[in-house]
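Student: sharing a model that was predicted from the sequence below.
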Amino acid sequence: MISAQTIRTSIEELSAITKVELCVMDLGGETVASTSERDFLDVSIVINFANSPVDSQVIGDVHLFKILDEGDPAYVLLAKGDSEHAYMVGKIGVSQLQNLVVAYKERFDRNNFFQNLLLDNMLLIDVYNRARKLKIEVSVPRVIILVETKNVQDNTAQELLSSMYGQHSGDYVTAVDENSVILIKNLGRGQNYEDVHKIATTIVDMMNTEAMLNVRVSYGTIVEEIKDLSKSFKEAKMALEVGRIFYAEKRVNAYNTLGIGRLIYQLPESLCKIFIDEIFGDKEVPDDLDEETLNTINKFFENNLNVSETSRQLFVHRNTLVYRIEKLEKSSGLDVRNFDDALTFKIALMVISYMKYLEGRQ
């Protein structure tokens, strides 16, 4: 339903231009918005008019009009003035508000359609029938971009995203929970995942600069049919969660680049425990590495196990780096200078992070 603030803004602008006092009331006689602090008519008169068969009426110097929604009364507009000018302004107000009712209803219907589509609450035949009725193209490349807003209570993120990607371009913005906003992005035939990543990065930057929001963004695979949007949505949700567990430093995560993180995410907890026990046995499990050691190992991996380059980037002597690596080898039994051990250690760290995540959910 159209908001009271929107109605108020509309009639205030019209009243300021025409100098005619306007008031919008619901069918029960409650004032929705008014440009005057004084009552126009007794509430009982307005209710009787709302229930009458006529669409307009004049009582004294007040013109009454019905605002219709698909032929049924939705509101009553009152225009105060005993001249044809007030009558004409009232008719203009009715036309304007009825167009707003239609526009907001269409927006609500589309929003409801996409929410049910993403949550798999629709039959396949209903998807195409409703899309046709709402004039939504069904065979267009689209992708779901998910923006995690950290439980922001207001609609700042959704409003900003809507201003960036409006419906005129075929894009739609909606939400299915209070923690995230969903952009259903319409893509051109030549656009690919590189373009989607640029869009996602732009969203992160805009949210930070315009609304001071530190958001995380993820996206699923590009789909060609509207019925497959729920698949892209599920993939975006997984990418967001996997990114939170394994790639916390990244603000944008794509489902098609999750790599081994996606594989570990789908493992049962029992198998993860068996793997950790098998690798470390009675040795110390590296689940509480100090920040210095962790940074050293991560930088060592980034430089493809190159000791010289890693020590240069960390501004430490080569022997200091070797000492740290050997210290880790004594505690874990793995020499990360060896490719197989390095790979095992890297996977073990990710599995431990996943197990911590599972414990935190319980």
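Tutor: Arrived safely, thanks for sending.

Student: so which residues of the stretch 251-362 of the chain form helices?
Tutor: Using DSSP state H, counting those that start in this stretch, the helices of the stretch 251-362 of the chain run over 260-265, 269-280, 291-302, 307-314, 318-332, 339-361.

Student: same check on the stretch 1-150 of the chain?
Tutor: Along the stretch 1-150 of the chain, counting by DSSP H, counting those that start in this stretch, helices occupy 4-18, 43-50, 84-118, 124-133.

Student: what's the closest of the ones you listed to Asp277?
Tutor: Closest to Asp277 of the helices of the stretch 1-150 of the chain, according to C-beta to C-beta: helix 84-118, at 39.8 Å. Using the backbone N, CA and C atoms, a C-beta is placed for each residue, glycine as well.

Student: if you average pLDDT over that closest one, what comes out?
Tutor: Helix 84-118 carries an average pLDDT of 85.

Student: quick one on the thing from earlier: would you reformat the helices of the stretch 251-362 of the chain as JSON lines and include distance to Gly29?
Tutor: Output for those, formatted as JSON lines (distance: least, C-beta to C-beta, whole Å):
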{"stretch": "helix 260-265", "distance to Gly29": "57"}
{"stretch": "helix 269-280", "distance to Gly29": "60"}
{"stretch": "helix 291-302", "distance to Gly29": "66"}
{"stretch": "helix 307-314", "distance to Gly29": "74"}
{"stretch": "helix 318-332", "distance to Gly29": "76"}
{"stretch": "helix 339-361", "distance to Gly29": "51"}
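
Student: nearest to Thr9, out of those?
Tutor: helix 339-361 (44.4 Å).

Student: list the buried residues of the closest one.
Tutor: 341-342, 344-346, 348-355 (16 or more other C-beta atoms under 10 Å).

Student: cool, stretch 103-113 as well?
Tutor: For stretch 103-113, using 16+ other C-beta under 10 Å, the buried residues are Arg110, Phe113.

Student: can you check stretch 182-197 too?
Tutor: Applying a neighbour-count criterion of 16+ other C-beta under 10 Å, one finds Ile182, Leu183, Ile184, Lys185, Asn186, Leu187, Gln191, Val196 buried in stretch 182-197.

Student: ok, so of these, who is nearest Ser270?
Tutor: The nearest member of those to Ser270, counting by C-beta to C-beta, is Ile182 at 33.7 Å.

Student: find the nearest non-adjacent residue to the closest one, please.
Tutor: Thr174 (5.3 Å; C-beta to C-beta, 6 or more residues apart in numbering).
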